[in-house]
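In: Need coordinates for the following:
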Amino acid sequence: MPPTTTTPKNSRSEQARINGSKSKGPITMEGKSASSKNALKHGFAAVINIVLTIEDKPAWEAHLDGYRQSLEPRNYAEETLIDQLAGINWRQSRLVGLETALIDAELSIQRKRLREKHPHSADDPYFRLVQAWQSLAAQPEKQSDEPKDPAAPPNGYDVNSIELVRRYLVSLDRQYRNTLLNLRQIRKDFATPNEPKIDQPPADPQPAGENTDLKILSPRAPQTAAVVPIPPASAMKPTLESTKREREISIRGRLNPSGV
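Out: Next up, the predicted model:
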């Protein structure tokens, strides 16, 4: 009976690698679309988390790239915070556009009403804007008990619409400032020894025309004049004997000028 040979079995990781190499990926359009978004489901820079279907995806990518080039992240933590700043600013721009859209929508709603009540001023853009703004500043009407069709167009907007946009803008502004402070704190705490910290003021530039080879000398200590000792008064006054001797010599010189 011939001996039987058994082939060694592959480990699970090796077998999974072999099976994965045989896969050709999704075939249907739905599967390909889902597969293309696998890497975009997480993170502050993920398109699926930031960009709406009515917004411009290339504009967001250019916006994100501009933030990264301006703030120059040095590591993954800084890049995450910078992506968060870009996302917050993108949403702020969206809310500003939403505020403009609310006013435009109210202008369209007020158009027919203004032609009926103010036919002479219906074509005045500023008059239409004032009426639309007044409607947006009005308090909401009391809701009736009858169920309302959510698909029906609104009769007009009220102060709650603008107020909601304002609250979101204030909240996003607070998030932006906090994220920027976190970025500054990380760069300050984890700065390299040779890198100046953020709070350190830059060095003064060298004035033009100044010789940089000259060394700055420390100020000299004030010099004091040499103190000359003053002799005592007894040494300055002549003695009585020396005075008599000088008088005798002077008298002899007068009496005998020839010196004989």
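In: what about residue 89, which helix or strand?
Out: Take DSSP states H and E as the rule and residue 89 turns out to sit in helix 76-117.
In: Which elements pack onto that helix?
Out: Based on contacts counted as 3 or more Cβ pairs under 8 Å, 6 or more residues apart in numbering; DSSP states H and E, the elements that helix 76-117 packs against are helix 47-50, helix 57-71, helix 125-136, helix 159-189. Placement of C-beta: from N, CA and C, glycine included.
In: Going by mean pLDDT, which of the ones you listed comes out lowest?
Out: The minimum mean pLDDT among the helices and strands packed on helix 76-117 belongs to helix 125-136 (a mean of 80).
In: in that one, what counts as buried?
Out: Neighbour counts over helix 125-136 (16 or more other Cβ atoms under 10 Å) mark 128, 131, 132, 135, 136 as buried.
In: Dump the residues you listed to JSON lines, plus distance to residue 194.
Out: Shown next, in JSON lines, are the buried residues of helix 125-136 (distance: Cβ to Cβ, whole Å):
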{"residue": "128", "distance to residue 194": "62"}
{"residue": "131", "distance to residue 194": "64"}
{"residue": "132", "distance to residue 194": "59"}
{"residue": "135", "distance to residue 194": "61"}
{"residue": "136", "distance to residue 194": "56"}
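In: hmm, which two among those are most spread apart?
Out: 128 and 136 (12.6 Å; Cβ to Cβ).
In: ok, back up a step: turn the helices and strands packed on helix 76-117 into JSON lines, including distance to residue 104.
Out: Listed next are the helices and strands packed on helix 76-117 as JSON lines, based on distance: least, Cβ to Cβ, whole Å:
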{"stretch": "helix 47-50", "distance to residue 104": "24"}
{"stretch": "helix 57-71", "distance to residue 104": "21"}
{"stretch": "helix 125-136", "distance to residue 104": "9"}
{"stretch": "helix 159-189", "distance to residue 104": "12"}
